[in-house]
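Student: dropping a prediction and its sequence here:
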Amino acid sequence: MRRWKSSGIGGVVRATVAIVAVLGVCGAWPASAEEIGNMVAFKGGFMRLNSDRADNLFTDARNPLGAGLNDSQNGWYVGAWLDLALSKDAWGLMNGTWAVGEIGLQFNRIASKVVTNTGNLGVGTTPPAGLQVTSTTPSTQQLTMVTIDISPKLKFMEGSAFRPWLIPVGLDIHVISPPSNQTQYLDVGVQFGAGFEYQVWKAFKLGMDARYHLTANMTNTSNSYFQVGPYVGISF
C-alpha cells in the first residue's frame, strides 16, 4: 500500500483534471426539467487518518517481536449515498438552491501492514502466566472502518448542468476494526463537505467531493479523517 502514500493525492488530482476536461468537451448540457431532486451516487477515493493506530494490542500487539508497527495513515474508500429532495428553494430562503438529505454508507481501508498481531499471542501454560507470544510469524493485520452518515446538503445553481454543493454539518456513526485496547469499536462524530457535479448525459452525473470527519474518539483512539474522490450519480 505504499503506492497510496506517494500517489494517492496525485491520483485524485489527475482525476479532477480529467473531470474538468470532460466538462469542457461535453459543453453545456441542459438540466432535465423533470428532475425531482433525488439521486443515488457511487463513490471511491483517497482517505487519510489524522493519526495512526500504531502500538495498540489489536493493531500490532505493541510490536513484541520487532516486526514493526501498523502506523499507516493513508488508505482508500468506496461507498454510496442516497440524496432525497427536501425543498427546491431551501424552504423559501434561497431561490435556485435545493435542500436535500443524504443517507450514506462508506467503507474505509487503511494501508495495513505485515506485523505481529493477536494471532501470535496466546495464554501461556508456563510461568509467568498470562498472555504470551506463541507464534513468531507475522501476518497482515487489516485496519478498516465503516462510516454511516445522515447529512443535510445544499445544492446550488438550479437549472445548470454544473452544480456545486455544500454539507454544512452532518451526523456520522463509525465502526472501527480491529477494536481499541478497551475492545470498543463504536464512535460518533460530525462531517463537513463540499463538492460539485456535472450532468454528462440525461440522468447521469459525474462529480468530485472532499469531506472531513471529526469524531468524538469514544473508542479511546483517534478516528478523525479526511477524504477526497470522484463519484458517479444517477438522478431520479
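Tutor: Ah, there it is.
Student: where in the chain is pLDDT low?
Tutor: Per-residue confidence for the chain (pLDDT under 70) gives these ranges: 1-34, 62-67, 117-137.
Student: please redo it, this time with the cut-off set to 50
Tutor: 1-6, 20, 23-29 (pLDDT under 50).
Student: check which helix or strand residue 59 maps to.
Tutor: helix 57-60 (DSSP states H and E).
Student: given whichever helix or strand comes after that helix, what are its sheet partners and their directions?
Tutor: If you walk from helix 57-60 toward the C-terminus, the next helix or strand you reach (DSSP H and E) is strand 74-87. Next to strand 74-87 in the sheet, as set by DSSP bridges, lie strand 39-49 (antiparallel), strand 98-115 (antiparallel).
Student: of those, which approaches residue 78 most closely?
Tutor: With C-beta to C-beta as the criterion, residue 78 lies closest to strand 39-49 of the strands paired with strand 74-87, at 4.5 Å. All C-beta atoms are positioned from the backbone trio N, CA, C, and that covers glycine.
Student: which parts of the protein are helices?
Tutor: Taking DSSP state H to define them, one finds helices in the chain at 2-26, 57-60.
Student: before we move on, the earlier item: report the distance from the helix holding residue 59 to the chain centre.
Tutor: The gap between the average C-alpha position of helix 57-60 and the chain average comes to 22 Å, counting by C-alpha atoms, centre = their mean, to the nearest Å.
Student: now stretch 212-229
Tutor: Its chain's C-alpha centre and that of stretch 212-229 lie 10 Å apart, by C-alpha atoms, centre = their mean.
Student: so what touches that stretch?
Tutor: Applying C-beta atoms under 8 Å, 6 or more residues apart in numbering, the contact partners of stretch 212-229 are 9, 12, 15, 43-51, 53, 56, 77, 108, 145, 147, 172, 174, 176, 179-182, 184-193, 208-211.
Student: CA atoms only for that stretch, dumped as CSV, please.
Tutor: Taking C-alpha atoms only, stretch 212-229 is exported to CSV below (Å, rounded to 0.1, in the frame of the first residue of the first chain):
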residue,chain,number,x,y,z
TYR,A,212,-13.6,16.0,6.8
HIS,A,213,-14.9,13.7,9.5
LEU,A,214,-14.5,14.9,13.1
THR,A,215,-15.0,12.1,15.6
ALA,A,216,-15.7,12.1,19.4
ASN,A,217,-13.0,9.4,19.9
MET,A,218,-15.2,7.4,22.2
THR,A,219,-13.1,4.3,21.4
ASN,A,220,-10.0,5.9,23.0
THR,A,221,-8.4,6.0,19.6
SER,A,222,-8.2,8.9,17.1
ASN,A,223,-10.7,8.2,14.3
SER,A,224,-11.0,11.6,12.5
TYR,A,225,-10.1,11.6,8.9
PHE,A,226,-10.1,13.5,5.6
GLN,A,227,-11.2,12.1,2.2
VAL,A,228,-11.4,13.2,-1.4
GLY,A,229,-12.5,11.5,-4.6
